[in-house]
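> got a predicted structure here, sequence first:
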Amino acid sequence: YAFVLAAVALSRLNLASFLGRTCFFVPLFTAVAAAPAMFSTFTPGRPVAEFALFGLRFVITEQGLTSAALLTARALTAVSCVVLVMLTTRHSDLLSGLKALGVPVAFVMTAGMAYRYVYALAKSVEDECASISARIGDSAGTAEGRRLAAWNMAALWGRSYKLYMDVYDSMRCRGYGFEP
């Protein structure tokens, strides 16, 4: 992990922003997933702490704590490496690198298209929210707001599907066959 932090510093990234992206959620969710490993039921070993809850006896072991901490540290390091690469590498270079590493072409192309589509979808949602706000302002009640939100999600789904079909049809007309 020290290597990742050194690479962040050498990349001239904002360390606080980087740590905010990685150090809050990753250990939290990994610790929740690794918590059962701390108990003697799953990882036998030398007891460190004992407590009873609802009449059940729980024993936390040294080996369990070590394995949970190791899993959390590995997850934090892995996610930090991915975030560092994403923040310092252009999208096109990243896709070229994946292709050079032998990642299947269909996966690389799908990732590239999904990356571009996320921005188009976000723009569409933003425009839709602005148009609703301009038409009705804040005057809609909760039930009316839910009805409008559901209608707009359905409309967005329809536009998204239409865009997907239009892109697919245009790619097929140009000879697309899962190869770049």
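Sure thing, it's come through.
> Thr43 versus Ser67, what's the distance?
6 Å (CB to CB, to the nearest Å). For the C-beta atoms, the positions are set from N, CA and C on the backbone; glycine is no exception.
> what is in contact with these two at once?
Ala37 (CB atoms under 8 Å, 6 or more residues apart in numbering).
> what's the average pLDDT for the helix or strand hosting Val167?
Here Val167, judged by DSSP states H and E, is contained in helix 142-173. Mean per-residue pLDDT for helix 142-173: 81.
> that helix packs against which elements?
helix 105-136 (3 or more CB pairs under 8 Å, 6 or more residues apart in numbering; DSSP states H and E).
> pLDDT of the helix it packs on, averaged?
Mean pLDDT, helix 105-136: 80.
> in it, what counts as buried?
Neighbour counts using 16 or more other CB atoms under 10 Å place 108-109, 112, 128, 132 of helix 105-136 among the buried residues.
> one more: stretch 53-69?
Quick answer for stretch 53-69 (16+ other CB under 10 Å): 59-61, 64-65, 67-68.
> so of the residues you listed, which ones are in helices?
Those of these mapping onto helices are 64-65, 67-68, per DSSP state H.
> just send those residues back as a markdown table, with distance to Val48 too.
As requested, these are arranged in a markdown table below (distance: CB to CB, whole Å):
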| residue | distance to Val48 |
| --- | --- |
| Gly64 | 8 |
| Leu65 | 6 |
| Ser67 | 13 |
| Ala68 | 12 |
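> now for these, which pair is the farthest apart?
Leu65 and Ser67 (7.5 Å; CB to CB).
> wait, a strand at Ala49?
Yes. Counting by DSSP: H, G, I helix; E, B strand; the rest coil, Ala49 is located in a strand.
> which non-adjacent residue is nearest it?
Leaving aside its sequence neighbours, Ala49 sits nearest to Ile60 (CB to CB, 6 or more residues apart in numbering; 4.5 Å).
> and for Thr22, the neighbour number?
22 (other CB atoms under 10 Å).
> hang on, the earlier thing: what touches both of Leu65 and Ser67?
Met38.
> now, which of the buried residues of stretch 53-69 sits nearest Phe29?
Ala68 (12.8 Å).
> looking at it, that closest one is touching Ala34, isn't it?
Yes. With contact defined as CB atoms under 8 Å, Ala68 counts as touching Ala34 (3.9 Å).
> what about Val79, how many neighbours?
Neighbour tally, Val79, other CB under 10 Å: 19.
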